[in-house]
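Novice: Have a look; sequence and predicted model below, questions after that.
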Amino acid sequence: MKLAIVALVALITAGLASAASPREPKKVILPAVQAKAKAINVQASDLPKALGFKAKPGSPDTGTPRCSYYNPDQSDLTENGDAKSPEFTLPSASFISSSASIFKTAGQGRTAYTRVVQPKLPACLGEIFRKGAAPTKVTIVSAKEISFPKLAERSNAYRIQASFKPGSQRIPVYLDIVVMNRGKVDVVIFFAGIGNFFNSGFEHQIATAVAARTANA
């Protein structure tokens, strides 16, 4: 049952990551910049081998989260790099993934971040999470900003706590989302905990490694 839930959470995460819309940034992907975006993302070397993470292809991006009350417009911006990491999955079915975008200029990267990171973002994330799970019954317990160290020029973190009920069994799911900006680079890291959440110190460690690589872009 947990494997079915993790597949569902992975699909929902793809929707949160980045839905096709005329309000999305224009994409002019440059190979050298795309290589930098891939290198910024979470890497297998960031993860402790002893925990048994396994890499599998990530779900395709589907666009910036959008709701009736939250619909940021980035159509005047241009991405030269847009890459998603593999999904690094534990035996428990919990997983980590990330997405990195590199904009044409530092000004555009900062603008993209400030347009997306708004007070209504967590509520929209929770709504998309619940709707994306249909017909599986999901209750959103909470969707809110959480404290997290400032690891880049700008950073924020959110936790979506949900309860999946695929039949008579109820399984808690925690999706922690860390967003960061450094100049032209915007990064999103997903920590999907199936049954339990990831330790905050562990999340800080992974996010610190990713943040350090944004300086090279």
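Specialist: Perfect, I can see it now.

Novice: all helices of the protein, in order?
Specialist: Shown for the chain, the helices assigned by DSSP state H span residues 2-17, 31-40, 106-116, 121-132, 200-214.

Novice: Tabulate those helices (JSON lines), appending distance to residue 191.
Specialist: Every residue, glycine included, has its C-beta placed from N, CA and C. Output for those, formatted as JSON lines (distance: least, Cβ to Cβ, whole Å):
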{"stretch": "helix 2-17", "distance to residue 191": "10"}
{"stretch": "helix 31-40", "distance to residue 191": "17"}
{"stretch": "helix 106-116", "distance to residue 191": "19"}
{"stretch": "helix 121-132", "distance to residue 191": "13"}
{"stretch": "helix 200-214", "distance to residue 191": "6"}
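
Novice: Relative to residue 194, which of those is closest?
Specialist: helix 2-17 (5.6 Å; Cβ to Cβ).

Novice: buried residues in stretch 76-92?
Specialist: For stretch 76-92, the neighbour count (16 or more other Cβ atoms under 10 Å) marks 77, 79-90 as buried.

Novice: possible to save the helices of the chain as CSV with mean neighbour count?
Specialist: Formatted as CSV, the helices of the chain follow (neighbours: other Cβ atoms under 10 Å):
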stretch, mean neighbour count
helix 2-17, 19
helix 31-40, 16
helix 106-116, 18
helix 121-132, 20
helix 200-214, 17
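
Novice: What's the local residue count around residue 160?
Specialist: 24 (other Cβ atoms under 10 Å).

Novice: Also residue 176?
Specialist: 22.

Novice: thought it was touching residue 156?
Specialist: No - contact criterion Cβ atoms under 8 Å: residue 176 and residue 156 do not qualify, at 11.5 Å.

Novice: one step back: any chance of the helices of the chain in JSON lines, plus mean pLDDT?
Specialist: Shown next, in JSON lines, are the helices of the chain (pLDDT from 0 to 100):
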{"stretch": "helix 2-17", "mean pLDDT": "54"}
{"stretch": "helix 31-40", "mean pLDDT": "97"}
{"stretch": "helix 106-116", "mean pLDDT": "95"}
{"stretch": "helix 121-132", "mean pLDDT": "83"}
{"stretch": "helix 200-214", "mean pLDDT": "97"}
